[in-house]
Structures are given as structure tokens and as C-alpha cells.
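Novice: coordinates only, sequence not included:
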């Protein structure tokens, strides 16, 4: 089946993208408005983009007749925090999905704890096991009130309980128990069913070919 993404209605393009690009990590973004109001909202059009410098990218979809509060705050202030979502945070994260007016503090609404950041003004979410303080490197309006933001990570906070070796920056990823976004309304995945495949090297492949086909 071929879908012409240029002619499909917007909601059908969304269905195809979100039903196939899974699982998607969740950026639980905290921002601060120009007036000083804290905003928190989850976004699953998100991933890491590089490490020199460390960068993340977030796709911020359009709000109803305006930019979403997160997008407006990021464009106004140039700062944001990406908090990752553990399974224990799922219900609180879901509360922050609410379509509240801009003057509402979603952290307070969800009973979450704002924690002071080190390098940016927006707070972290105290209950999140990982938080990345970010400054905007670039932003691009990709459609009517739809924005893509690339942020430089200037400070990372990781829960002490999942640190295996501080000096070597080894983290117990499985213990984070992060969740990811899946298809359709309200579907999520746990990060508990894992498997490992070793990355191949050209030298090993050539050696295997020699051993399999001796002269």
C-alpha cells in the first residue's frame, strides 16, 4: 500500500507516522513563560541528535489556533528542560497532557515537584530520573504553528541510584524503567523486553570469509 503524504488529510498523516515510528522516547518538557509561569508537557516527536555538542531535537505540533505553550515559551526564552519519563511517572505525565490555559502550572496540577536547574531558568521535574537542561541552537517553523527545535544540552541530571560508575559515566539503563510512546491514543510501551546484537566489523567479516573459503 502506498500513501501519498502530500494529499492525505493531516489526521491521517499523523496516524501513519505514529503507528509506524515506534517506540518513541518521550520528552517531558518544562519551560518558563516570559511572565514566569511554569509549563510542563510531554512530546514524543523527540530524540538525541548528536554528542559533539550534545543535542536533542523536539517536534512541537500545532496548538488550537496558536503555538502550544511549550513552543511559545521556548521561542520566547531560548531555554527548556527535557525530563525523561519513568513508568512510575506515567500517571503524572498524563495529567500534564491536559489542554490547560497558559496561566496554569501543570507541575502543580499534577502534584509534581519543581527542582532548580543549574544553567537555565526553567525548573526540572524532581520526580524524573533524568533531566537535560537545554538552550536552543536552532528552531524551524515547519508548518502552521508547528515547530522543530534543536537544543544543546548544557547540563544532565541522572538519579544517583542508577549510576554504576560515575567516573566512566556508566548508567544502569534498565533500572531507569523508561516508557515510550506507541500508536494511537493512550498507548505506551515499557523498556523491559530487551535483546542484544553485536555490531559487525568489516575486518571480522573478511576473516570469516577467509576461514569459510580457504584457498
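Specialist: Okay, I see it. Bear in mind the structure is a predicted one, so any value in this text is a computation, not a measurement. Numbers count the residues shown, from 1 in each chain.

Novice: Pick out the residue nearest the middle of this structure.
Specialist: For the chain, residue 27 is the residue whose C-alpha lies nearest the centre (CA atoms, centre = their mean; 2.6 Å).

Novice: Please report the distance of the spatially closest residue to that residue that is not a sequence neighbour from residue 150.
Specialist: With sequence-adjacent residues excluded and distances taken as CB to CB, 6 or more residues apart in numbering, residue 27 is closest to residue 46, at 3.8 Å. Using the backbone N, CA and C atoms, a C-beta is placed for each residue, glycine as well. Look at residue 46 and residue 150: by CB to CB, to the nearest Å, they are 11 Å apart.

Novice: Now do the shared contacts for these two.
Specialist: Counting by CB atoms under 8 Å, 6 or more residues apart in numbering, the contacts common to residue 46 and residue 150 are 56, 57.

Novice: And the two? Which one has more around it.
Specialist: residue 46 (21 against 16; other CB atoms under 10 Å).

Novice: Between the two ends of stretch 150-166, how far is it?
Specialist: Distance across stretch 150-166, first residue to last, is 27 Å (CA to CA, to the nearest Å).

Novice: what's the spacing between it and its chain's center?
Specialist: For stretch 150-166, the separation from the chain centroid amounts to 14 Å (computed by CA atoms, centre = their mean, to the nearest Å).

Novice: Could you do stretch 111-131 as well?
Specialist: 15 Å.

Novice: in it, what counts as buried?
Specialist: Within stretch 111-131, the residues scored as buried using 16 or more other CB atoms under 10 Å are 112, 114-115, 117, 120-125, 127-131.

Novice: Which of the residues you listed fall in strands?
Specialist: In this view, those that belong to strands under DSSP state E are 114, 115, 124, 125, 130, 131.

Novice: can you map out the strands along the protein?
Specialist: With DSSP E as the criterion, the chain has strands at 24-25, 27-32, 38-43, 46-51, 54-60, 79-83, 114-115, 124-125, 130-143, 146-158, 163-165, 170-171, 179-181, 188-190.

Novice: Adding mean pLDDT and distance to residue 108, write those strands out as TSV.
Specialist: What follows is the strands of the chain, written out as TSV (pLDDT from 0 to 100; distance: least, CB to CB, whole Å):
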stretch	mean pLDDT	distance to residue 108
strand 24-25	98	25
strand 27-32	98	12
strand 38-43	96	8
strand 46-51	98	24
strand 54-60	97	22
strand 79-83	98	16
strand 114-115	98	8
strand 124-125	98	12
strand 130-143	96	18
strand 146-158	97	21
strand 163-165	98	30
strand 170-171	98	30
strand 179-181	98	23
strand 188-190	97	24
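
Novice: Kind regards, and thank you for your time.
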